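A.B. asks: based on what follows, work out the 3D shape:
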Amino acid sequence: MSSGFKEREEGNEAKLKHDSDVHFRIQARRDKLLGEWAAGQMGLEGDEAANYPIDLVKADVQEPGDDDVLRKLMADFSAHGVEVSEEALSQRMAEFESIATEQLQGEGYDADD
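C.D. replies: Numbers count the residues shown, from 1 in each chain. All right, here's what the predicted structure looks like:
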């Protein structure tokens, strides 16, 4: 009986690890897509436009949740004279998260496993 319990525990740990990996990939892809969109909204070009999505992905690992990304976007948009509400950015984040989820599922990562 303890063998079955151990197998179930190992299975649960593997699922948790898989789910965490998929969640991280979705968030990183979302931030990349969001960063590409935001760079265009701010009129960034060249290396600055190419690096902005990477900077946004890095900003997202500073703290749990989306507040760090929203703060960075709001500050960067303001610095570039782009008026946008936090609500509108949150909505865009949700849209890009859906796209990222679909893309990763198309690549074989199943968020529902």
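A.B. asks: okay, the residue nearest the centre of the chain and D47: tell me how far apart.
C.D. replies: Note on the chain: the residue nearest the mean C-alpha position is Q27, at 2.1 Å, using CA atoms, centre = their mean. Between Q27 and D47 the distance is 24 Å, computed by CB to CB, to the nearest Å. Heads up, the C-betas are built off the backbone N, CA and C, glycines and all.
A.B. asks: same for the host helix or strand of V69, what does it pack against?
C.D. replies: Here V69 sits within helix 67-79, counting by DSSP states H and E. Using 3 or more CB pairs under 8 Å, 6 or more residues apart in numbering; DSSP states H and E as the contact criterion, the secondary-structure elements in contact with helix 67-79 are helix 2-42, helix 46-60, helix 86-106.
A.B. asks: so where's the protein uncertain?
C.D. replies: With pLDDT under 70 as the threshold, the chain has low-confidence stretches at 1-2, 5, 10-12, 18-19, 109-113.
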